[in-house]
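S.K.: would you be able to build a 3D model of this:
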Amino acid sequence: MSETEAVRGEEQPLLTVVGAAGLCGTHVLQAARQAPFRVRAVVHGPAGRERVAALGADEIVEADLAEPESVRQALKDTDLVFMIPPAFHPEEDVFASRALEAAEHAGARRFVYLSVLHPHTPGLRHHLRKANAEAAVRASGLDWTILQPSMFAQIVLSTWGRAPAGHVNVPFDVHNEFSFIDLRDLGEVGVKVLSEQGHGSATYELAGPALTLAETVRLAGWARGVDLEARTVDWADAPLPPGVADDPSRGPDMRAMWQDYDRHGLHGNSNVLRMLLGREPASFVEAAAAFAARG
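M.R.: Okay, the predicted model is just below:
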């Protein structure tokens, strides 16, 4: 054993969270505060650094996932990696391979990748890129776990739940069912699979309780004390969010997602999430109440 390995063995393991400044990453950081880890938060720039500064990370590192050496430096000496790829990025699978190489070079022993429920969905290019990323994870020499979460409750709450009282336009059929996961539960599961033995080579579908968008929007309004009513608008004509509308990849990918949601929704089974948590997953009502309380 080298001197460096001996020193690392005496310390708490170093967890590096890639994509720490996003909605999911901040919940993983909060959950990691309760775990026996030192935590390094990897962010894209100064705005991300500012977002995570109050969340208790031991280190904050800026990195560009498009630059191999930047990724290698961000993962230097890490023991554990939780990777959250940037949403709808056309090179997600490339970024995954780059992070895996850097983790192997660093001597990391665990790698957890955040994928998506039903990655092999025809017509959804961003899902298929996640499937390609999963293949790279499985082919690596690391001890790996893949998490496949359903729609984040906090995405619905931040996208439509903050609307003024009245009608809320949704670019797919609001009567289709979706499974929702509270990001607090996802953070808890992430820490669990990193800190416990027995989760290597596992791919876990993490689907929370199923509701329609109409029901979730109504509950989001209830938590705020306002009346909200979701109504379907044509996915092809709905406005894209800032930062997506002018992007030649993200814009079409998001519209393709809306089209698929309009046909099928997105729902799964809650058994695996229940097993990992050792309790019932949080309900959408619980997520909405906590979200509203934070303001």
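S.K.: quick one: low-confidence parts of this protein?
M.R.: The chain contains residues with pLDDT under 70 at 1-10.
S.K.: show me where it has helices.
M.R.: 3-10, 23-32, 46-52, 68-74, 92-106, 125-139, 153-159, 183-195, 213-224, 250-264, 271-277, 284-294 (DSSP state H).
S.K.: which of those sits closest to Val174?
M.R.: helix 213-224 (4.2 Å; CB to CB). Quick note: C-beta positions are derived from backbone N, CA and C, even for glycine.
S.K.: okay, the angle between that closest one and helix 284-294?
M.R.: Calculated by axes from the mean of the first three to the mean of the last three CA atoms, to 10 degrees, helix 213-224 forms an angle of 40 degrees with helix 284-294.
S.K.: so who does Pro36 touch?
M.R.: Applying CB atoms under 8 Å, 6 or more residues apart in numbering, one finds that Pro36 lies in contact with Gln12, Pro13, Ser195.
S.K.: and the gap between it and Pro119?
M.R.: 31 Å (CB to CB, to the nearest Å).
S.K.: check Pro209 too.
M.R.: From Pro209 to Pro119 the distance is 21 Å (CB to CB).
S.K.: ok so, going back, using CSV, please lay out the helices of the chain together with distance to Ile60.
M.R.: Shown next, in CSV, are these (distance: least, CB to CB, whole Å):
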stretch, distance to Ile60
helix 3-10, 20
helix 23-32, 10
helix 46-52, 5
helix 68-74, 10
helix 92-106, 17
helix 125-139, 25
helix 153-159, 22
helix 183-195, 18
helix 213-224, 32
helix 250-264, 26
helix 271-277, 28
helix 284-294, 22
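S.K.: output those helices as CSV; include the columns mean neighbour count.
M.R.: Below are the helices of the chain laid out as CSV (neighbours: other CB atoms under 10 Å):
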stretch, mean neighbour count
helix 3-10, 10
helix 23-32, 22
helix 46-52, 15
helix 68-74, 17
helix 92-106, 21
helix 125-139, 19
helix 153-159, 21
helix 183-195, 22
helix 213-224, 22
helix 250-264, 18
helix 271-277, 17
helix 284-294, 18
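S.K.: out of these, which is closest to Asp58?
M.R.: helix 23-32 (10.0 Å).
S.K.: what's that closest one packed up against?
M.R.: strand 14-18, strand 38-43, helix 46-52, helix 153-159, helix 183-195 (3 or more CB pairs under 8 Å, 6 or more residues apart in numbering; DSSP states H and E).
S.K.: try it again at 6 Å.
M.R.: In terms of contacts (3 or more CB pairs under 6 Å, 6 or more residues apart in numbering; DSSP states H and E), helix 23-32 is packed against strand 14-18, helix 183-195.
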